[in-house]
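Enquirer: Need a 3D model of the sequence below.
(chains A and B)
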Amino acid sequence: MDKTFTARRRRDLIIAAALAGLAALAPLFIKDVYVQNIMILTLMYAALSQSWNILSGYCGQISLGHALYFGIGAYTTELLFTKFGVLPWFGMLAGGMIAAIIAMGLGYPFFRLRGHYFVIATIVIAEIGLLLFQNWEWAGAAMGITVPVRGDSWLKFQFMRSKLPYFYFALVLCSLAWFVTWWLEDSKWGFWWRAVKDNPEAAESLGVVVFNSKMGAAAVSAFLVAIGGAFYAQFLAYIDPESVMGFQFSLLMALPAVLGGIGTLWGPVLGAVILIPMTELTRSYIGGSGRGVDLIVYGALIVAISLALPQGLVSLFSRSKAKNQAKGATR
Amino acid sequence: MTALLETRGVWQRFGGLVANSDVSISVGRGEIVGLIGPNGAGKSTLFNLIAGVLPPTQGSIWFDGEDVTALPAAERCQRGVGRTFQVVKSFETMTVIDNVIVGALVRNTVMREARRKAHEVLEFTGLAARADVLASDLVPAEKRRLEVARALATEPKLLLLDEVLTGLTPTEAQTGVALVRKVRDTGITVLMVEHVMEIVMPLVDRAIVLDLGKVLVEGKPADVVRDPKVISAYLGDRHAVSA
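Expert: Here you go, the predicted model:
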């Protein structure tokens, strides 16, 4: 039994490495900048959703306010860069740490709330964050910050001539988020989180410190999302509150995981690969004011999938396995 | 040697309702003690107080020679109090083995060892064949067994069993009784709440009867069932008099 378990984990790792390898080769064949752009966004949202999944999927604390951490990553990086000349790499780490600390600070009161009340609190806090940044003069208020162009360099993580460096960074980030999840899945934290999600009272009786588990999940999740925010800021080279902290980011982090399979290792990646290209394509092909139309497509898809496959798209892959298990049990 | 568990003058009030009033009981090492009493006697409340789900309004709880009154449930588990729930609380989206691993992680920080321990406990409780099944797919009797397995994986000194034999078929209940004996033989002290008198009485070394939140009688099971106070608490005064 232990062997099949270890074998499954190793298989996941090999598949992930193979997929990452294939993705790394993709730009050799895909030269179209528009398509490359979609690939970058897909990887970024896969990484974000994977990070969101740690708190909301594994630990079961549904957050619709992760845009806050995304924005904090973006703003920390650009404020440090434009005001103090700190390299984006350090700004990125600083942003991650600030986001993690804020996530725990917010968790302290909010993890006492349950279910819908927690979700509402996350939405409200993210909106407050957005309003604060819209009115914070020093941080550019609603005008935002334009990242000064200093020429292509890895040191300043800034590239004007090609999108490929961004692509590779997004790939690394996505792989990192996946790997962190993979690693946590078979750790004390991973087990604690799933126990907390399923039944906090029973978890507590088995020695799980529920509150600390939630805090840990929130910190890891916020840290990774903020790294994504820092990346996005460098990628756009311009940020304002709405474009890095708007509510749509909170949704776009949650949807791929929900679509692919919430609380699963592969769900977020699978969901992002389907959802993000689709929104980008609908946005560009179904007219310029397609903002509404792509959301309608989302909605329809989410409704269809939650009706047909409540466990998400990954359940398509695990179905045969479940059958085998059932066979093994009746034997 | 001091008792493993002691409650000293424990009171629990919920608003105007007194669920436990001045309850002082003790459980010695290696005993199987039955906690019985009619519905609403305060058995589950006392259980929750011992497990640390809530602090008593008044009084103190001593475990293994220490005052644990202020400790939360998770910490009491770390000290060696394991429990099951009357209404089963399995981790439904996790497999049976994963459910048990959560418990095993209390004493094993290395995953491989926690997993080995969990397999061991599944062997012991007769759930090994169901290890990779989701907890939600278990039948009720198996779920109760999983509750016990999970608690055993925390390697408790004291195991609190909350109606694990209730609602089972006679055959299932007999396997349950055998399991409880097996648990005690490994040196674990057992305190069990149970309704089904004819099953629990031959099993326990000592019975404590609660009624209206107070300790009514305690002693050998054979004496307890004949006690007029117990009969009247269960069946009403008329039967006590005629007995």
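
Enquirer: and stretch B:183-196, how far apart are its ends?
Expert: 20 Å (C-alpha to C-alpha, to the nearest Å).

Enquirer: ugh, wrong one, I meant stretch A:232-248
Expert: 14 Å.

Enquirer: Sort out which residues of it are buried, please.
Expert: Applying a neighbour-count criterion of 16 or more other C-beta atoms under 10 Å in any protein chain shown, the buried positions in stretch A:232-248 are A:232-236, A:239-241, A:243-246. For the C-beta atoms, the positions are set from N, CA and C on the backbone; glycine is no exception.

Enquirer: Redo the residues you listed as TSV? Include pLDDT, distance to B:Ile36 and secondary structure.
Expert: What follows is these, written out as TSV (pLDDT from 0 to 100; distance: C-beta to C-beta, whole Å; DSSP: H, G, I helix; E, B strand; the rest coil):
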residue	pLDDT	distance to B:Ile36	secondary structure
A:Tyr232	96	63	helix
A:Ala233	95	66	helix
A:Gln234	93	69	helix
A:Phe235	94	68	helix
A:Leu236	91	69	helix
A:Ile239	93	67	strand
A:Asp240	92	69	coil
A:Pro241	93	64	helix
A:Ser243	91	66	helix
A:Val244	93	63	helix
A:Met245	93	60	helix
A:Gly246	92	61	coil
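
Enquirer: Nearest to B:Pro202 among those residues?
Expert: Minimum separation from B:Pro202 among the buried residues of stretch A:232-248 (C-beta to C-beta) is found for A:Met245, which lies at 67.0 Å.

Enquirer: got the contact list for stretch B:184-198?
Expert: Contacts of stretch B:184-198 from elsewhere in the structure, counted by C-beta atoms under 8 Å, 6 or more residues apart in numbering or on different chains, are B:4-5, B:27-36, B:43-44, B:47, B:50, B:86, B:152, B:156-166, B:173, B:180, B:183, B:200, B:203-204, B:225.

Enquirer: Inside helices: which ones of those?
Expert: Residues of the contacts of stretch B:184-198 located in helices (DSSP state H): B:43-44, B:47, B:50, B:152, B:173, B:180, B:183, B:200, B:203, B:225.

Enquirer: re the thing from before, show me which pair in the buried residues of stretch A:232-248 is furthest apart.
Expert: For the buried residues of stretch A:232-248, with distances taken as C-beta to C-beta, the pair at the greatest spread is A:Gln234 and A:Gly246 (18.3 Å).

Enquirer: Filter the contacts of stretch B:184-198 down to the buried ones, ChimeraX style.
Expert: What follows is the ChimeraX syntax selecting those of the contacts of stretch B:184-198 that are buried according to 16+ other C-beta under 10 Å:
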select /B:4,5,27,31,32,33,34,35,36,43,44,47,50,86,152,156,157,158,159,160,161,162,163,164,165,166,173,180,183,200,203,204,225
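
Enquirer: how about the helices in chain B?
Expert: In order along the chain, chain B carries the following helices (DSSP H): B:43-51, B:73-79, B:96-104, B:111-125, B:140-153, B:170-185, B:197-203, B:221-226, B:228-235, B:237-242.

Enquirer: cool, and the stretch 1-150 of chain A?
Expert: Remark: helices of the stretch 1-150 of chain A, listed N- to C-terminal, are A:2-29, A:33-53, A:67-84, A:88-110, A:116-134; assignment by DSSP state H, counting those that start in this stretch.

Enquirer: Mind telling me which of those helices the model trusts least?
Expert: In terms of mean pLDDT, the lowest-scoring of these is helix A:2-29 (a mean of 89).

Enquirer: Which residues belonging to that helix are considered buried?
Expert: Buried positions in helix A:2-29, judged by neighbour count with 16+ other C-beta under 10 Å: A:5, A:16, A:19-20, A:23, A:27.

Enquirer: filter the residues you listed down to the ones near chain B?
Expert: Counting by C-beta under 8 Å from any C-beta of the partner chain, the subset of the buried residues of helix A:2-29 that neighbours chain B consists of A:Phe5.

Enquirer: Tabulate the buried residues of helix A:2-29 (TSV), appending distance to A:Asn37.
Expert: Formatted as TSV, those follow (distance: C-beta to C-beta, whole Å):
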residue	distance to A:Asn37
A:Phe5	40
A:Ala16	24
A:Leu19	20
A:Ala20	20
A:Ala23	15
A:Pro27	12
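
Enquirer: thinking again about what came up before, of the helices of chain B, flag the one that's most buried.
Expert: Between these, the one whose residues have the most neighbours on average, counting mean count of other C-beta atoms under 10 Å in any protein chain shown, is helix B:96-104 (a mean of 28).

Enquirer: domains in chain B, as residue ranges please.
Expert: Chain B breaks down into these domains under automatic domain parsing: B:1-78+B:156-243, B:81-155.

Enquirer: who's in contact with residue 62?
Expert: In the absence of a named chain, this looks at chain A. Shown in contact with A:Ile62 (C-beta under 8 Å, 6+ apart): A:56, A:118-119, A:122, A:254.

Enquirer: sorry, should have said chain B
Expert: The contact partners of B:Trp62, by C-beta under 8 Å, 6+ apart, come to B:3, B:5-8, B:68.

Enquirer: give me that answer again for 10 Å
Expert: For B:Trp62, the contacting residues are B:2-8, B:26, B:68-69, taking C-beta atoms under 10 Å, 6 or more residues apart in numbering or on different chains as the criterion.

Enquirer: just A:Phe84 next, same as before
Expert: If a contact means C-beta under 10 Å, 6+ apart, then A:Phe84 has A:90-91 as its contacts.

Enquirer: Return the distance of it relative to A:Ile145.
Expert: Relative to A:Ile145, A:Phe84 is positioned 13 Å away (criterion: C-beta to C-beta, to the nearest Å).

Enquirer: Check A:Ser205 too.
Expert: Distance from A:Ser205 to A:Ile145, counting by C-beta to C-beta: 50 Å.

Enquirer: so who does residue 94 touch?
Expert: All of this is about chain A. Neighbouring residues of A:Ala94 by C-beta under 10 Å, 6+ apart: A:72-73, A:76-77, A:79-80, A:86, A:226, A:230.

Enquirer: actually it's chain B I care about, not the one you picked
Expert: By C-beta under 10 Å, 6+ apart, the contact list for B:Met94 reads A:191, A:194-195, A:197-199, B:100-102, B:134-136.

Enquirer: Over to A:Val196?
Expert: Residues counted as contacts of A:Val196 (C-beta under 10 Å, 6+ apart) are A:58-61, A:111, A:202-204, A:208-214, A:217, B:91, B:102.

Enquirer: before we move on, back to that, could you tell me the least trusted of the helices of chain B?
Expert: helix B:237-242 (a mean of 61).

Enquirer: just curious, which of the contacts of B:Met94 is nearest to A:Leu307?
Expert: B:Ser136 (20.0 Å).

Enquirer: hang on, the closest one packs against B:Glu142?
Expert: No - here B:Ser136 lies out of contact with B:Glu142, judged by C-beta atoms under 10 Å, at a distance of 11.2 Å.

Enquirer: could you check the distance from the residue nearest the centre of chain A over to B:Lys157?
Expert: Nearest to the mean C-alpha position of chain A, by C-alpha atoms, centre = their mean, lies A:Leu48 at 1.4 Å. From A:Leu48 across to B:Lys157, the span is 46 Å (C-beta to C-beta).

Enquirer: Same check on B:Thr189?
Expert: For B:Thr189, the distance to B:Lys157 (C-beta to C-beta) stands at 6 Å.

Enquirer: Quick check: neighbours shared by these two?
Expert: Shared contacts of B:Thr189 and B:Lys157 (C-beta under 10 Å, 6+ apart): B:4-5, B:29, B:80.
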